[in-house]
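Engineer: Show me how the following folds:
(chains A and B)
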Amino acid sequence: MTRGFYELILREIRVLVKAPWVVCSRGLFFLIQIFVFAVLMDRVVDAPNFDFFAYYSIGTILVTISSIAFLIGHDVYEEAETGLLDYLLTLPFSRRVYILGRCVGGAFRSMIYVTPMFGLVAVIRGFTGAVELLGALALLFVLAFGITGLSITVAVTIRNQNRFDITLALLELFMIRFSTALYPPVFMPSAVATVSVFSPVTLTSDAVRAVLQGGEASFLGVGGLIAFVIVFFAASTAFYFKRIEGGYFH
Amino acid sequence: MQRDLKILFLDKLTLFIIFLNFSIELFVSGLIFARMVSGFDYFLFIAPGANLMTALVVAFQAGRELFVERALRDLSAYHVTLPVPRRLYVAARIAAGVAKAVIASTPGTLVVIFLYPNLTVFTFLGVYLVLVLFSLAGVAFSIMTAVVSRRTEVFITLRSTIQLYLSFLSTVFYPLEFFPPVLVPFVLANPKTWAVQTFREIVQGNWPVQELLLLSATSLFLAIMAGIIYVRATKM
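Structural biologist: Model (predicted):
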């Protein structure tokens, strides 16, 4: 089990290394978000006692890790379409190990992407406490793991490619825009603020901000985040099993 | 054109999701950002940009479909055997891309238009003219991207980079005077800047002829370039 699991994680990381173009474009997206969008919006935003750049810089990390974790759904979808999934299933490890390996590998891949960006934000914002930085990274890993499960669930339940692309993009938009990643709840209309409480991105955003600023993450928030991970890991496992055993090509 | 439009209408849920996407951009993010800005009405400032973003996303589907046909499904060879001259074929694909972008963004366009008072027939005509011209630029960019890319990741990267440039180095989110001087030439060369500026002027009852001409010139130039590249790519 351990060997197969380890190989699956390595495979996900190799996929990342073999796609330098994608790494560059995501990196560019992050830099533009920080050094163009956040800087310029900081000049536009004039709300009292609110530092837009400081708030948004942490939010960008959350947005980036979420969007990268969602990418695994595209891989899973493409593998099923091209028939590669059939080959993967002939490899000598159980279905359970295969699915767990994909989820953990996807989360690791997201962390490799985002850690340099996180480092840059830590330098800009002057976050130096090692424990706080590690705590924040751990929370980001948990979020990435949950989103990977969600993304795989969507990939194995939708068969039309256009619809799959748009649904995944909408889910990503929904989870991020209805969250406190990019804007604090005080500016949200009450309906949005109510919904945002349930977003895993909100739970992570609040916890990461609290940890980085030397405070403590709320127990309820971290518990909610872990519940999100468990639910979508279970769902992705169940749907993936069903898809695999049902067969893709008929 | 009929074929491409049929593909669009085959999936009505997608059309709905596109509108939902626009609504979240405008009525969630736009509204929240507007609460952080007090100097001017940021909600009305960002509304035309949110609509143009929808049009851009759909316009880029034209390139995506072309890329899938060429690089993944090998359908291009069949298409060029059809009894249609190459130039007409390419012109029809570009026109279909523009039509799809305009149709898919119409619900959002109407929402944005009705946010402003004092509407006239000319407001509708002007806004649709902007939408057509901007979609033409978007389709041209996406077709050029699809034709020059041979691998999926190259196509995705080029597409995202162009979308990044069009969205963040334009006046969609922030007025021109907020940009540092070094970025101003990039902003002025961006068709989205002229599209969004023209859109804002038209819904306020003005006809900015200079901006409209600049947008038309840029879009037509890009469309001709895309057409030439696409016609050359269809030759064996």
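
Engineer: how about the nearest residue to the residue positioned nearest the centre of chain B, chain neighbours excluded?
Structural biologist: Nearest to the mean C-alpha position of chain B, counting by C-alpha atoms, centre = their mean, stands B:Leu56 at 2.9 Å. For B:Leu56, ignoring the flanking residues on the chain, the nearest one in space by C-beta to C-beta, 6 or more residues apart in numbering or on different chains is B:Gly138 at 4.7 Å. (Glycine included, C-beta is placed from N, CA and C.)

Engineer: Close to chain B: what parts of chain A are there?
Structural biologist: A:19, A:21-22, A:24-25, A:28-29, A:32-33, A:36-37, A:40-41, A:43-47, A:50, A:52, A:160, A:162-163, A:166-167, A:169-170, A:173-174, A:177-178, A:182-183, A:187-189, A:192 (C-beta under 8 Å from any C-beta of the partner chain).

Engineer: Drop anything exposed from those residues.
Structural biologist: A:19, A:21-22, A:25, A:29, A:32-33, A:36-37, A:40-41, A:44-45, A:52, A:162, A:166-167, A:169-170, A:173-174, A:177-178, A:182-183, A:187-188, A:192 (16 or more other C-beta atoms under 10 Å in any protein chain shown).

Engineer: where do the helices sit along the chain?
Structural biologist: With no chain named, the answer covers chain A. Using DSSP state H, the helices of chain A run over A:2-17, A:20-32, A:39-44, A:52-82, A:84-88, A:95-125, A:130-157, A:161-177, A:190-196, A:200-212, A:219-246.

Engineer: not what I meant, chain B
Structural biologist: B:2-10, B:12-24, B:31-36, B:42-67, B:76-80, B:86-114, B:121-148, B:152-168, B:184-188, B:191-203, B:209-234.

Engineer: got TSV for these, with mean pLDDT too?
Structural biologist: What follows is the helices of chain B, written out as TSV (pLDDT from 0 to 100):
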stretch	mean pLDDT
helix B:2-10	67
helix B:12-24	82
helix B:31-36	92
helix B:42-67	88
helix B:76-80	69
helix B:86-114	88
helix B:121-148	91
helix B:152-168	86
helix B:184-188	93
helix B:191-203	92
helix B:209-234	89
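
Engineer: Distance to A:Gly4 for the ones you listed - can I get that in TSV?
Structural biologist: What follows is the helices of chain B, written out as TSV (distance: least, C-beta to C-beta, whole Å):
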stretch	distance to A:Gly4
helix B:2-10	41
helix B:12-24	37
helix B:31-36	46
helix B:42-67	35
helix B:76-80	40
helix B:86-114	45
helix B:121-148	38
helix B:152-168	27
helix B:184-188	49
helix B:191-203	48
helix B:209-234	44
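
Engineer: Of the ones you listed, which is nearest A:Ile68?
Structural biologist: Closest approach to A:Ile68 among these (C-beta to C-beta): helix B:152-168, 12.7 Å.

Engineer: so who does the residue positioned nearest the centre of chain A touch?
Structural biologist: Nearest to the mean C-alpha position of chain A, counting by C-alpha atoms, centre = their mean, stands A:Ser66 at 2.7 Å. Residues in contact with A:Ser66 (C-beta atoms under 8 Å, 6 or more residues apart in numbering or on different chains) are A:143-144, A:147, A:172, A:175-176, A:181, A:201.

Engineer: which of those tops the neighbour count?
Structural biologist: A:Ile147 (32 neighbours; other C-beta atoms under 10 Å in any protein chain shown).

Engineer: residues contacting that one?
Structural biologist: Going by C-beta under 8 Å, 6+ apart, the list of residues near A:Ile147 reads A:65-66, A:69-70, A:110, A:175, A:200, A:232.

Engineer: Which residue lies closest in space to it, excluding its sequence neighbours?
Structural biologist: A:Ala69 (3.7 Å).

Engineer: Do I have it right that the one you found meets A:Val142?
Structural biologist: No - the pair formed by A:Ala69 and A:Val142 falls short of the contact definition of C-beta atoms under 8 Å, at 10.8 Å.

Engineer: how far is the one helix or strand in chain A whose mean pLDDT sits lowest from where the chain is centred?
Structural biologist: Taking mean pLDDT, DSSP states H and E as the measure, the helix or strand of chain A with the lowest value is helix A:219-246, at a mean of 77. Its chain's average C-alpha position is 14 Å from that of helix A:219-246, according to C-alpha atoms, centre = their mean, to the nearest Å.

Engineer: List the buried residues for it?
Structural biologist: A:221-222, A:224-225, A:228-229, A:232-233, A:235-237, A:239-240, A:243-244.

Engineer: Over to stretch B:148-157?
Structural biologist: Using 16+ other C-beta under 10 Å as the test for burial, stretch B:148-157 gives B:149, B:152-157.

Engineer: Could you export those residues as TSV, including distance to chain A?
Structural biologist: Putting the buried residues of stretch B:148-157 into TSV (distance: C-beta to the nearest C-beta, whole Å) gives the following:
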residue	distance to chain A
B:Ser149	10
B:Thr152	8
B:Glu153	5
B:Val154	6
B:Phe155	9
B:Ile156	7
B:Thr157	4
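
Engineer: got the residues of chain B near chain A?
Structural biologist: Residues of chain B lying near chain A (C-beta under 8 Å from any C-beta): B:11, B:13-14, B:17-18, B:20-21, B:24-25, B:28-29, B:31-33, B:35-39, B:42, B:61, B:153-154, B:156-157, B:160-161, B:164, B:168-169, B:173-175, B:178-179, B:183.

Engineer: Which members of those residues are classed as buried?
Structural biologist: Looks like the residues of chain B next to chain A have B:14, B:17-18, B:21, B:24-25, B:28-29, B:31-33, B:35-37, B:42, B:61, B:153-154, B:156-157, B:160-161, B:164, B:168-169, B:173-174, B:179 buried, using 16+ other C-beta under 10 Å.

Engineer: Any regions of chain A where pLDDT drops low?
Structural biologist: A:1, A:243-250 (pLDDT under 70).

Engineer: Of the contacts of A:Ile147, just say which sits nearest to chain B.
Structural biologist: Chain B has its nearest neighbour among the contacts of A:Ile147 in A:Met175, at 10.8 Å by C-beta to the nearest C-beta.
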